[in-house]
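Enquirer: Structure of the sequence below:
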Amino acid sequence: MRLVVADAGPLHYLVLTGDIELLPKLFESVLAPQAVHDELNDPATPEEVRAWIARTPGWLEIRPNLTPPQENESMRILDAGEGVSAARGEGLAVTGTLGILDIAARRGLIDLADAFERLKRTSFYYRQGLLDTILDAHTKGKT
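Expert: Predicted coordinates for the structure are as follows:
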């Protein structure tokens, strides 16, 4: 069973680019903690994103915020911004918005260059060199 525990970033930007429906096509289950739901519903979040999370799709399961087990001290003391590092430290695979778009392109669901252009029209922070590297790897993978 494939499982994604989504943080706010990918959900936010995939809604804004119109690519949010890639998630249920790529993953059997998509889970997000209540804190992510709350962040996407924050008044500072774009209206389009707030409207989307207000109508949470059936494929997105909102879970209560988890309290890591007491025996794992490193996980117990984390704030919200340190979750990715902790997940990697626990041996979990982690990807973000760019990784999701890359996976979708490799499966033939989207054109990666077009997806990156849609992403650039949002407030998404990126380094052009990184986008170029991903595009180049994707292009080489097709040949």
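Enquirer: all strands of this protein, in order?
Expert: 3-5, 29-33, 60-63 (DSSP state E).
Enquirer: most packed of these?
Expert: Sort those by mean neighbour count, taking mean count of other CB atoms under 10 Å, and strand 29-33 sits at the top with a mean of 18. C-beta coordinates here come from the backbone N, C-alpha and C atoms, glycine included.
Enquirer: What helices and strands are in contact with it?
Expert: For strand 29-33, the packing partners by 3 or more CB pairs under 8 Å, 6 or more residues apart in numbering; DSSP states H and E come out as strand 3-5, strand 60-63.
Enquirer: among those strands, which gets the worst mean confidence?
Expert: Lowest mean pLDDT within these: strand 3-5, at a mean of 71.
Enquirer: Would you map the helices across the protein?
Expert: For the chain, the helices defined by DSSP state H cover 8-17, 22-26, 34-40, 47-54, 73-76, 83-89, 97-106, 112-120, 128-142.
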